[in-house]
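S.K.: below: sequence and its predicted model.
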Amino acid sequence: MSRPFRLAATAVALLAALAAATASATSAAAAPAPQHRQLSALAQTPGTAWTVDPVTGRTTVTLDDTVTEQQAARLRDDLRGTAVDLRREPGRLRTMLAGGDAIYGSTARCSLGANARRGTTYYLITAGHCTNTSADWWTDSAHTIAIGVRTASSFPSNDFGLIRYTSKLEHPSAVNTYPGLLQLYGTGSAYVGQAVCRSGATTGVRCGTVTALNATVNYAEGTVTGLIRTNICAENGDSGGPLYTTGGILLGILSGGTGNCTTGGTTYYQPIGEILSVYGLTIP
C-alpha cells in the first residue's frame, strides 16, 4: 500500500518552484523566485498532496500518517521563512476501491459516477484506478448481472475510466441519494467555498464544501493532478462516485482521500469537464 515518505534533498527547490509558478500566474505578492525551477522528488512522493491558493499565491503541503514526525520536523525546518504552509491530514492518502450505485469488477467494488453517451452509445464513468483492475463489470458481487466492458482507463496522472453498456440496464442521468434519485441537469466547474455533496455505494450521501482546486495528490500507485478537494468524508467502495450540487449539477467523480466517515476526512475529485472533453461525451 503506502510507501514510507522519503524527504528529497531538493524539497525546498520543489516548494520554491511551486511558489514561483504561482507568482508568474498571479502577482508579485507571491513567494520570491526560486534558485531552481525543476520540481523535486517530493512532487511525486506518496503520502503528500499540495495546492496553491489562487488569491494569495501561498502553497499548502499536506502530509498523511505515513510521514513520520521526524521527517515532518525536518521539512518544517527547511520551509521556515517560505510562503508555504505545512499541515497534517489524518489517515493515509489512498484510492478508494470498493455514484451512487455499486459496480463490481473481477477484484474491485467501486461506485458509478455518471452515465454518459457518445452518439447512441452509452457509457458509465468511474475512477480510473477502478477500471484499471478489471475489463468486465457487474451490478452485483456474484457477477450475475452484467453491466458492460471497459473501453478506456487513465490512472495515474488522471483518475477516470469508461465502461460501455452491453446490457439492457436502464442508465438514467441521475444520482442515487439513498433513497430516491436526483435528476442531473448539467455539468459545471467547482469553486472554493461551494456547497456540494457526493454519493457512494459504501457511505451513501455526504455533504460539505469545496476547499481547493487544482490539487495534486501523490498516491502510492502514482500522482494525480488537477483535482477538486473537499472536506467531505468517504470510504473504500465510494471511489468513482459523483460530486454534485443539490440543484443537480455534476462537478466531478471521487478519486480518493484521507480519513473516514466516523472521524471525518478529506476527499479529492476528478473534474467532470475534463473527462467529457477527453472522450467526446455528453451527459444525457
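M.R.: Yes, it's here. Residues are numbered from 1 along each chain as shown.
S.K.: alpha carbons only for contacts and neighbour counts from here, please
M.R.: Noted.
S.K.: which residues in the stretch 51-200 of the chain form strands?
M.R.: Under the criterion DSSP state E, counting those that start in this stretch, strands of the stretch 51-200 of the chain are mapped to 59-63, 84-88, 94-95, 102-104, 109-111, 114-118, 121-126, 136-138, 146-154, 160-165, 174-176, 181-183, 186-187, 195-200.
S.K.: hmm, Thr133 is touching Cys110, no?
M.R.: No. Counting by Cα atoms under 8 Å, Thr133 sits too far from Cys110 to count as a contact (10.7 Å).
S.K.: neighbour-wise, which of these two wins?
M.R.: Looking at Thr133 and Cys110 with other Cα atoms under 10 Å, you find the greater number of neighbours at Cys110, namely 29 against 16.
S.K.: so who does that one touch?
M.R.: 96-98, 102-104, 126, 130, 201, 236-241 (Cα atoms under 8 Å, 6 or more residues apart in numbering).
S.K.: show the buried residues in those residues.
M.R.: With burial judged by 16 or more other Cα atoms under 10 Å, the buried subset of these is 96-98, 102-104, 126, 130, 201, 236-241.
S.K.: of all those residues, the one with the weakest confidence?
M.R.: Ranked by pLDDT, those bottom out at Ala98, which scores 34.
S.K.: looking at the contacts of Cys110, which one is closest to Thr144?
M.R.: Thr144 lies nearest to Tyr104 out of the contacts of Cys110, by Cα to Cα, at 10.5 Å.
S.K.: gap between the closest one and Ser134?
M.R.: Distance, Tyr104 to Ser134, by Cα to Cα, to the nearest Å: 9 Å.
S.K.: what do you get for Thr68?
M.R.: Counting by Cα to Cα - Thr68 and Ser134 are separated by 34 Å.
S.K.: for Leu63, same thing?
M.R.: 31 Å.
S.K.: more crowded one of the two?
M.R.: Between Leu63 and Ser134, counting by other Cα under 10 Å, Leu63 is the more crowded of the two (22 against 15).
S.K.: partner residues bridging the more buried one?
M.R.: Leu63 has the following beta-bridge partners by DSSP bridges: Thr48, Arg88.
S.K.: surely it touches Glu89?
M.R.: Yes. With contact defined as Cα under 8 Å, Leu63 reaches Glu89; the gap is 6.1 Å.
S.K.: next, count neighbours for Thr48.
M.R.: So Thr48, with other Cα under 10 Å, has 26 neighbours.
S.K.: residue contacts, it?
M.R.: Residues in contact with Thr48 (Cα under 8 Å, 6+ apart) are Leu42, Val61, Thr62, Leu63, Asp64, Leu93, Val217, Asn218, Tyr219.
S.K.: got it, and Tyr244?
M.R.: Counting by Cα under 8 Å, 6+ apart, Tyr244 touches Val196, Cys197, Arg198, Leu250, Leu251, Gly252.
S.K.: give the bridge partners for the closest residue to it other than its chain neighbours, please.
M.R.: Distances taken as Cα to Cα, 6 or more residues apart in numbering put Leu250 closest to Tyr244, at 4.4 Å, once the chain neighbours are dropped. The partner list for Leu250 in beta bridges (DSSP bridges) reads Thr187, Tyr244.
S.K.: got the domain ranges for the chain?
M.R.: 11-88, 95-165, 174-271 (automatic domain parsing).
S.K.: for Tyr279, find the nearest of those domains.
M.R.: If we rank those by Cα to Cα, the stretch that ends up nearest is domain 95-165, at 8.3 Å.
S.K.: distance from the chain centre to that closest one, please.
M.R.: Computed by Cα atoms, centre = their mean, to the nearest Å, the chain-centroid distance of domain 95-165 equals 16 Å.
S.K.: sweet, I'm off.
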